[in-house]
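S.K.: Just to be clear, the model below is a prediction. Sequence and coordinates:
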Amino acid sequence: MPPRCSPSSGIFLPFLYPSLFRSASRIKCRSAIATLHSASPIPTPSDTSTEPSSSSDALPYSRLNPPPDEYAISTFADKARITVHAGGGGHGCISFLREAFMADGPANGGDGGHGGNVYIQAIHGETSLHKLARRRILRAERGKTGQGSSRGGARGDDVVIQVPVGTVVREIDRVDPMIEENLRYREARQKEREYDKLVREAEAEVKDAGDAIRSELPEPPDHPHLHKFILYPGISNSERRSITLPRLPRRERLYVQPEGPIHLDLSQPTPRPILLATGGIGGLGNPHFVSKDRPRPLFATKGERAVSMQLELELKLLADVGLVGLPNAGKSTLLRALTNSRARVGNWAFTTLQPNIGTVVLDSHKGRPFPTPKPSRAASHAVINDATYGSVVISQPEHNAGPGPEPRTRFTVADIPGLVEGAHLDRGLGIEFLRHVERAGVLAFVIDLSAGDAVDALKALWTEVGLYARMRQEEETEREVGSRIDWEGDGSRPPGTNKTGFGGQMIVADLHEPIDSREVGGLHIAAKPWFVVATKGDLPGTEENYARLKEYLNAVTDRQEPHPSGVEGAWTEDCAAIPVSAIHGHGVDRIIHWTVGLLDE
Ligand SMILES: Nc1nc2c(ncn2[C@@H]2O[C@H](COP(=O)(O)OP(=O)(O)OP(=O)(O)O)[C@@H](O)[C@H]2O)c(=O)[nH]1
Ligand SMILES: [Mg+2]
């Protein structure tokens with residue numbers, strides 16, 4: 001059989017066998033990056049499209065310049081579609097006491113146990129939805145069937161679905177047997193009433209020949225709750241025919257089933273699990289039906305069926321800082337420099353295919369907590385080749401900040417796959433991951449100073465983010481309108497309306513509710529504080545690029561230039577560019593200081 005991937009298609013080899021292909025990959029990937037850049041109007045360095053944007057080839061391997069195969073695989077999923085089934089109720093039992101010298105003992109069948117519920121809980125320990133995406137179906141336990149000697153069945157175990165904080169839960173579909181049941185019961189009662197009416201009319205016509213007329217009438221309808229009963233297995237045919245089933249008492253579920261469609265935004269940890277689907281109630285044992293006329297009931301009831309629903313889970317990472325940059329800009333290297341992350345680094349575009357999250361530990365509780373003052377703009381713009389920049393550990397001041405809010409001890413950074421032009425239209429790997437940017441408190445735009453004009457690169461990135469933000473806003477508005485429309489269209493009368501019905505029309509609710517002004521036109525992202533990480537500052541010839549970028553950002557801060565996204569009213573309070581060399585670990589502590597300042601604002 002010929003090989004699936006011909007040896008000539010070397011472009012795939014770095015992804016498959018990175019360690020075997022290290023030396024060749026540098027050359028191949030340079031051309032791949034050059035092609036990618038040339039296909040895109042996003043600026044590329046005229047002099048670096050043939051030369052790689054990194055001098056990392058010449059550097060010895062280290063934690064910040066790792067070989068391409070030195071990384072931790074993250075099993076990450078940010079979307080999952082699951083079906084949850086609450087547990088059905090256990091059946092009631094038909095049983096009679098048997099003792100010596102007691103031929104016909106009293107009924108002693110136990111009740112069935114109630115079914116387990118399905119809950120959801122957002123917790124900090126979870127970081128991904130991959131386990132749920134793999135499991136797909138989650139079932140709470142059924143209630144156990146009742147037993148003889150009046151032993152009730154055990155309650156079914158609940159299921160608590162634990163999801164990461166930042167998960168959005170949307171109900172797509174629901175099967176609620178209680179609603180079906182009510183409909184079925186109403187239909188059966190209607191048939192019963194019609195039948196009774198027929199009988200009454202016939203009896204009125206021939207008063208003393210009621211029986212004769214009854215025999216001409218159609219078969220009486222079934223008992224409305226017939227399907228809910230279990231009959232004694234040893235029952236004879238004559239007993240079956242003579243059995244008269246009682247009308248069942250109306251029974252409510254133990255827990256109130258939340259009304260649909262469920263839409264939860266679990267952006268905070270939930271100390272108590274939230275109920276999604278309620279378990280069915282257990283069936284009644286035969287002692288419940290004992291009466292003077294019926295001392296030995298040969299039936300019990302079945303357990304109620306339970307709610308099941310289909311849910312869509314979407315994780316919007318709740319990182320404090322989101323790293324946004326073009327492919328190969330150096331985001332993962334920066335994440336490694338900032339945190340203990342072992343994100344994959346490689347000199348080719350789209351090395352990162354899944355978001356990576358790292359935690360910057362500011363205070364490991366080994367010493368006193370320390371205040372984190374925001375440095376001045378001038379300080380953050382200082383030259384980077386300072387010997388102290390190599391370490392991530394921040395020196396702690398002598399005295400404590402005094403009374404006030406607890407100082408921040410850590411923050412999280414999300415490294416998402418690189419954005420290309422048109423990412424908001426789902427080009428590259430963009431749209432899947434742009435939503436993680438939505439939740440970040442601060443955006444850090446990682447710009448490769450050696451890869452063309454930094455200002456153009458920043459504008460291109462902001463354009464994508466801005467367009468995405470607007471698109472999301474439109475989607476949300478549409479969804480909101482959709483949820484206020486009665487799409488049933490079956491002419492049935494919605495609650496609270498008059499008898500005329502709506503004959504299949506859509507009913508749009510009042511849409512004149514005020515909309516949060518921050519949500520208009522993508523401002524929910526553009527209003528976030530942001531700064532630029534001007535990386536690869538160690539490479540020659542990057543100073544001028546940095547100087548231009550700094551000048552531009554000062555102009556944006558002074559409102560002489562519009563915000564790079566073009567969104568009106570976006571955040572321009574203090575647009576900084578922090579020069580770093582992530583590969584050497586230079587300048588990372590400035591990023592940490594600056595970020596903490598923005599987060600604490
Ligand atoms: N000289 C130099 N090279 C760097 C620096 N930061 C990253 N690089 C190199 O740039 C290349 C790309 O780095 P990555 O961290 O994988 O870039 P990325 O932005 O995560 O790339 P994608 O995941 O593909 O979007 C690697 O060869 C790094 O060694 C830096 O500060 N200086
Ligand atoms: Mg990366």
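M.R.: That came in fine, so what should we check first? Numbering: from 1, shown residues only. Ligands and ions are numbered 1, 2, ... in the order given.

S.K.: where in the chain is pLDDT low?
M.R.: Applying pLDDT under 70 to the chain flags residues 1-57, 73-74, 206-224, 318, 363-406, 422-432, 478-522.

S.K.: Please parse it into its domains.
M.R.: Domains of the chain are assigned by automatic domain parsing as 79-176+225-315, 317-397+404-479+519-601.

S.K.: The last one near ligand 2 at all?
M.R.: Right, the one you point to is domain 317-397+404-479+519-601. Yes. Domain 317-397+404-479+519-601 comes into contact with ligand 2 (C-beta under 5 Å from the ion), by way of S332, T351, T352. Glycine gets a C-beta too; all of them are placed from N, C-alpha and C.

S.K.: V160: which of those is nearest?
M.R.: Minimum distance to V160 across these is 32.4 Å, recorded for T352 (C-beta to C-beta).

S.K.: and that closest one, how far is that from P417?
M.R.: For T352, the distance to P417 equals 5 Å [C-beta to C-beta, to the nearest Å].

S.K.: Over to G116?
M.R.: From G116 to P417 the distance is 39 Å (C-beta to C-beta).

S.K.: near ligand 1, which of the residues of domain 317-397+404-479+519-601 next to ligand 2 show up?
M.R.: S332, T351, T352 (C-beta under 6 Å from any ligand atom).

S.K.: three-state assignment of the closest residue to the second one other than its chain neighbours?
M.R.: Across the structure, with C-beta to C-beta, 6 or more residues apart in numbering as the measure, the residue nearest T351 apart from its sequence neighbours is R344 (5.4 Å). The three-state label for R344, taken from DSSP: H, G, I helix; E, B strand; the rest coil, comes out as coil.

S.K.: mind listing what the residue nearest the centre of the chain touches?
M.R.: By C-alpha atoms, centre = their mean, the chain has its centre lying nearest to E314, at 2.3 Å. Neighbour list for E314: D78, K79, T167, V168, R170, R435 [criterion: C-beta atoms under 8 Å, 6 or more residues apart in numbering].

S.K.: Now the host helix or strand of I179: buried residues?
M.R.: Assessed by DSSP states H and E, I179 sits inside helix 177-205. Across helix 177-205, burial judged by 16 or more other C-beta atoms under 10 Å covers M178, A188, A202.

S.K.: who does it touch, helix- and strand-wise?
M.R.: Using 3 or more C-beta pairs under 8 Å, 6 or more residues apart in numbering; DSSP states H and E as the contact criterion, the elements in contact with helix 177-205 are helix 210-216.

S.K.: Can you show me the CA trace of stretch 126-142 as PDB?
M.R.: What follows is stretch 126-142, C-alpha atoms only, in PDB (Å, rounded to 0.1, in the frame of the first residue of the first chain):
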ATOM      1  CA  GLU A 126     -11.900  21.800  36.400                       C
ATOM      2  CA  THR A 127     -10.300  23.400  33.400                       C
ATOM      3  CA  SER A 128     -11.800  21.600  30.400                       C
ATOM      4  CA  LEU A 129     -14.900  20.000  29.100                       C
ATOM      5  CA  HIS A 130     -13.100  17.100  27.400                       C
ATOM      6  CA  LYS A 131     -14.300  14.400  29.900                       C
ATOM      7  CA  LEU A 132     -18.000  15.400  29.300                       C
ATOM      8  CA  ALA A 133     -17.500  15.700  25.600                       C
ATOM      9  CA  ARG A 134     -16.200  12.100  25.600                       C
ATOM     10  CA  ARG A 135     -19.000  10.700  27.900                       C
ATOM     11  CA  ARG A 136     -21.800  12.400  26.100                       C
ATOM     12  CA  ILE A 137     -24.600  10.700  28.100                       C
ATOM     13  CA  LEU A 138     -25.000  11.000  31.800                       C
ATOM     14  CA  ARG A 139     -27.700   9.200  33.700                       C
ATOM     15  CA  ALA A 140     -28.800   9.600  37.300                       C
ATOM     16  CA  GLU A 141     -29.800   6.300  39.000                       C
ATOM     17  CA  ARG A 142     -33.300   4.900  38.900                       C
END
